Each structure stands twice: as C-alpha cells, then as structure tokens.
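A.B. asks: whatever this is, show me its structure:
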Amino acid sequence: MQRIKPAYGFWLIWIFLSAYLGVFKALPKSPESVHQGAQCDRACVAWNYYHESMNFFMPRVSEDRQSEGVTGMEFPVIPYSAALLYKIFGPHDFIYRFLMYVLVSLGVFHAWKITGLFIQQNIHRLLLVFGWYCSPVLVFYTPNFLADSGAMAFVMMAWYYLLLRIYGVEPDRNLRRYSLWMSLAGLLKISFLIYGIAGFMLLYLWRFFKNQPLQVIFTRRDFWWMLVPAIPVSAWYGYSGWLTRKTSNMHFLQSMNPAESIKELIQNSQTAINNWQESLYRPGFFVYFMIVLLILLVLRLRDALLPGLAAILMISGFGAIWILFNRQFLYHDYYFILFFPALFFGWLFLQQLFQEQRQVFLGCASIGMGVAFWVIPFMNAGHAAHMMNRRYATGDYYHQNAFPETEELVAQSDTLKKVIPEGARIFYAFDNTPNTALYLMKKRGVRISKDFGPEITADILSKSRAKFLVLNDTALWFSHYEPRLKTGARAVYHQKNTHVYRLP
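C.D. replies: So this is what the prediction gives:
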C-alpha cells in the first residue's frame, strides 16, 4: 500500500481542522464580531479600489468627508488583490476572507516545513504546528479582513528560507526569498519587522556560540540581504505618512501608543493579559507556558540552541513592541498575533528538549512534558472551536458587533440598492465607527455618531453632497437634529430600524 506523502497529509488534516474550527462557516459572512469597525475599514478599501479607482497608491475608505476618503495606511496589497478578484467574480466578502485563509494556510504550511528541519516524526510535527495554531485569536483572524494574520504568515515563510540559508541550502537564492517575504510582512504591518531584526541578530550572535554541531560562516553579503526589507518598508510608510498628512485623513493608526509611566505599563499589561488570555489559549495556559519557556530558555538554551536563540530574540522584539504600543494591547486582541512566530519557536524549543533529546530530563518532568505534547493540541483545538462559535453567536459577550444594525443592513442590502441609486452619496446617522454602515450598504458618504452635536452635524451635512439621509434612530434625529438642520427630508423607505429619506 502506497503511503500518503507528508505534505498531502498535512493539507488533508489542515482542511479537516479548518472545518472543525469553524473557519469555513465564517467565509461567507460580512465583517462582524470583535473589532467590526477595523474589519470594515479594510474591507471598504478593497471595495473602493473595485468601485472607485484601481490606483494602488490612492487607497480610500467609504467615509469621504476628507479628500474623497483617500488615506494613508499599511501596504494595501491584500485589499488590492481582493479588488482584482472582485473585477472577475464580483464584490463578495467571501473572496476577501478566502484570500486571507489561503495566505494563512501557506504560513502554517511553512511552519510545518520548518519543523521538518528539526523533527523526524511527522506526527510530532503535526501536533506541534496545530497545537501552536489552535489559538482562538489566530483562528478568528484567519478568514478575516485585518492584515495581522497575513503578516504573521509571511514571517513564517521568511523564516523557513532563512533557516535553509543557515543550513547551507542554496544560500543566495533562499536569502532572496527571505528578503521578499520579510519585506511583505513588514509592509503589511510594520511591527512585524521585529522578526527581520531578530533574524539579523541571530546571524550576528551565532558566531559567539562555539563547539556547536552546526557551524555556519556568514558573509557581508548575507547581512546586506538581511537589511533589504527595511528599504521597501521605510519607503512605503514614509509615503503613507505623507499621504495621511496631505489628506488629513487619519483612519489608520500610524504612530506609537506607549504607557506614560512604569505604573501604567504594569497596570495595562495585567489588564491586557486578563482581558485576552481566554482568546490566546485555554485560560491560564498562556501564562504557565511562558513561565516554563522562559525558565528553560535560561537553563537549557544550548541543548536546542537554534530554536532557543530564535525564540529569545523574537520574544525580546515583541517585548519592545509591547512597550511602544502598550495601550493598543488593552483593546485590540489582534495585536497579539504579532507574538505567534515567537510562540512557535518557543514550542519548537520545548519540543526539542523533551521529545528529540529525552536524555536532558528524566523522571516526572520528562514524562509530563511528553504527555503534554500529545494532549495540549487537542485541548487547544476544542477551546479554539468553542471560542470561534462564541465570536459569531449573536448576543454572546465575544460577538461584540460595533454596529447593532448589522444583520438588518445585510438582510436589506438588495432592497436598499433599489431604493438608493448606484453612486448616490448618503448621510448615515448613527454609527460610532467610520465605515461600518457605509460598507455594509456598499455606499460612500459620511456618517455621524450620537455624540456629534447639531452644529457640527449641520456643517458636515452641508459639505457632504449627500442625496439620501439614512437613520437608525428617528426619535433622536427629529427631536435633537431636525429642528436645527431643517433638512426637509422626504421618507422613501422604512424597514425595522432602517429609515431612508431623500434630501432636497
């Protein structure tokens, strides 16, 4: 009987695992659940490429109050790629989500290929990779609209080729591949460039570890190639910052957000871990894992030097980002995706200690860790599937739609296309996020939230060129806004909480 090739086996299990985790059920959904506003911000960039202009260097959002919505942002290769597919198949959220799923799949596959450089038994490789991947936050943002999981995938691809270079496999060719994928990782999210710095430091520090089985000679050319990703990343974010200043359109964060004191840093860190630990792995597991990992990195680094040193450098880089963007971690679970390449090499380091080198520890510790490597992946998978269901369960704490009328607008989308003509600008009240309602309706225009007063609303409306007024709270509008604005709007559509008026 012919054996299944390891790569085929990986893909079969990956597809089965994706189905079990609920990834495929999420593919046809519109942006919803945690950080819905941030999802719609990216999704509407793809839609506006498709609908308005395919000029790559002019990404735009649907809220066009400033500069027709043109704004600086991270390198928009994913929304642009989605827009190209929209030109062929039509603008469907499934396409964007599936594109992200394919990208993350390639990243996980390269993580599996990395394990092949260290681990002989395929079952051990699969357990390590899927045990690492089965984190609720990573699973949720796999078929999603945010770029973080895509950047993580590019890092795993880059490090696979860097490790091939270290092992002496086609050095020049693999360094070029490394530079390409690391450049894309940094372009998608500049914070992921810490893994390029970690790679550079790994090559530099390796020469100080003598008497190792793996002896590698690095040349100046190697180090120059390691610096290549900094060039396109610096160029794009310089341009993006200039575009933001020119348009005064600040939809996307492009600056650091540190704590103002050591006390605040400690408080923010405790709160962030408490808030999101259930979204990282099973409650308590992440903290215990990190304690064990850090202790063993200190005590047993030389017993698995390559993955151990990589883990130390990556964790140090993440620590710097944790300090520089500390406040972001309080409210943004997807910022933790930055840590997953470091976690992977941490898993790999522990696996090398307790399964590939059993002589290091004897007795209960060795047996316990051996059992853990078999049990934890299944526990993580069950927890990740449970949390994925909760994040898409209406009314659940983890669902947290930023826009309460999401399901209404999605259900009425075909009808609203007939009520509001193609290309007509709208004025939406009330939406606390810049682009959610506009994107769900596939319209451009402006919106206000409930904390916008009548005076500023009157100014926004007068400059908006809006032809239709869309309300989700008529009582508030006609008691506080209409007496001041005197729009004279005429009702043309009403269904549940969605009210459409034509502006004279």
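A.B. asks: any idea how far Lys25 lies from Leu146?
C.D. replies: 19 Å (C-beta to C-beta, to the nearest Å). Placement of C-beta: from N, CA and C, glycine included.
A.B. asks: of these two, who's got more company?
C.D. replies: Just comparing Lys25 and Leu146: by other C-beta atoms under 10 Å the higher neighbour count belongs to Leu146, 24 against 13.
A.B. asks: would you confirm that the more buried one contacts Asp333?
C.D. replies: No. Judged on C-beta atoms under 8 Å, Leu146 makes no contact with Asp333 at a distance of 10.3 Å.
A.B. asks: what touches both of those two?
C.D. replies: By C-beta atoms under 8 Å, 6 or more residues apart in numbering, Leu146 and Asp333 have these common neighbours: His35.
A.B. asks: what is the least confident helix or strand in this structure?
C.D. replies: The helix or strand of the chain with the poorest confidence is helix 364-391; it has a mean of 87 (mean pLDDT, DSSP states H and E).
A.B. asks: now that one, how far from the chain's geometric center?
C.D. replies: Mean-position distance between helix 364-391 and its chain equals 23 Å (C-alpha atoms, centre = their mean, to the nearest Å).
A.B. asks: so His494 belongs to a strand, correct?
C.D. replies: Yes. Using DSSP: H, G, I helix; E, B strand; the rest coil, the secondary structure at His494 is a strand.
A.B. asks: buried residues, whichever helix or strand comes after the least confident helix or strand of the chain. List them.
C.D. replies: Next along the chain after helix 364-391, taking DSSP states H and E as the criterion, comes helix 406-411. Neighbour-count burial for helix 406-411 flags Thr406, Glu408, Leu409 (criterion: 16 or more other C-beta atoms under 10 Å).
A.B. asks: can you give me the helices in the stretch 51-200 of the chain?
C.D. replies: 77-89, 93-115, 122-133, 136-140, 148-166, 171-188, 194-206 (DSSP state H, counting those that start in this stretch).
A.B. asks: the longest one packs against which elements?
C.D. replies: Using 3 or more C-beta pairs under 8 Å, 6 or more residues apart in numbering; DSSP states H and E as the contact test, the elements touching helix 93-115 are helix 6-21, helix 36-51, helix 77-89, helix 122-133, helix 148-166, helix 340-351.
A.B. asks: can I get the second one in CSV? Just the C-alpha atoms.
C.D. replies: Extracted in CSV, the C-alpha atoms of helix 36-51 (Å, rounded to 0.1, in the frame of the first residue of the first chain):
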residue,chain,number,x,y,z
GLN,A,36,-16.0,45.0,13.4
GLY,A,37,-15.1,48.7,12.7
ALA,A,38,-11.5,47.8,11.9
GLN,A,39,-12.6,45.0,9.7
CYS,A,40,-14.9,47.3,7.7
ASP,A,41,-12.1,49.9,7.4
ARG,A,42,-10.0,47.3,5.5
ALA,A,43,-12.9,45.7,3.6
CYS,A,44,-14.1,49.1,2.3
VAL,A,45,-10.6,49.8,0.9
ALA,A,46,-10.9,46.8,-1.3
TRP,A,47,-14.5,47.8,-2.3
ASN,A,48,-13.4,51.3,-3.1
TYR,A,49,-10.5,50.0,-5.3
TYR,A,50,-13.1,48.0,-7.2
HIS,A,51,-15.8,50.6,-7.3
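A.B. asks: that one to helix 148-166, inter-axis angle?
C.D. replies: Put simply, helix 36-51 runs at 80 degrees to helix 148-166, going by axes from the mean of the first three to the mean of the last three C-alpha atoms, to 10 degrees.
A.B. asks: what does the average pLDDT come to for helix 36-51?
C.D. replies: For helix 36-51, the mean per-residue pLDDT is 97.
A.B. asks: that one to helix 93-115, inter-axis angle?
C.D. replies: 110 degrees.
A.B. asks: verify the contact between Val216 and Ile166 for me.
C.D. replies: Yes. Assessed by C-beta under 8 Å, Val216 is found in contact with Ile166 at 5.6 Å.
A.B. asks: so which of the helices and strands packed on helix 93-115 gets nearest Leu187?
C.D. replies: Checking the helices and strands packed on helix 93-115 against Leu187 by C-beta to C-beta gives helix 77-89 as the closest, at 7.1 Å.
A.B. asks: residues near Pro6, how many?
C.D. replies: 13.
A.B. asks: mind telling me what element Trp322 is part of?
C.D. replies: Here Trp322 is assigned to helix 305-324, by DSSP H and E.
A.B. asks: the next helix or strand after that helix: how far from the chain's middle?
C.D. replies: Going down the chain from helix 305-324, the next helix or strand is helix 328-331, by DSSP H and E. Distance of helix 328-331 from its chain centroid, counting by C-alpha atoms, centre = their mean, is 14 Å.
A.B. asks: which residues are contacting helix 328-331?
C.D. replies: Residues contacting helix 328-331 (C-beta under 8 Å, 6+ apart): Leu253, Asn257, Asn268, Ser269, Thr271, Ala272, Asn275, Trp276, Trp322, Tyr335, Phe336.
A.B. asks: now with 6 Å?
C.D. replies: Asn257, Asn268, Thr271, Ala272, Tyr335 (C-beta atoms under 6 Å, 6 or more residues apart in numbering).
A.B. asks: and stretch 98-108, by the same measure?
C.D. replies: Residues contacting stretch 98-108 (C-beta under 6 Å, 6+ apart): Leu27, Ala82, Tyr133, Thr142, Pro143, Asn144, Ser149, Gly150, Ala153, Met156.
A.B. asks: tell me the contacts of the fourth one?
C.D. replies: So that's Thr142. The contact partners of Thr142, taken as C-beta under 6 Å, 6+ apart, are Val23, Tyr101, Val104, Ser149.
A.B. asks: which phi and psi values does it adopt?
C.D. replies: phi -70, psi -60 (degrees, to the nearest 10).
A.B. asks: state the distance from it to Ser149.
C.D. replies: As defined by C-beta to C-beta, Thr142 lies at a distance of 6 Å from Ser149.
A.B. asks: over to Ala458?
C.D. replies: 42 Å.
A.B. asks: low-confidence regions, the stretch 201-350 of the chain specifically.
C.D. replies: Along the stretch 201-350 of the chain, segments meeting pLDDT under 70 span 254.
A.B. asks: could you measure the nearest residue to Leu227 once chain neighbours are set aside against Met226, distance?
C.D. replies: Excluding the flanking residues, the one nearest Leu227 by C-beta to C-beta, 6 or more residues apart in numbering is Phe200, at 7.2 Å. Per C-beta to C-beta, Phe200 is found 5 Å from Met226.
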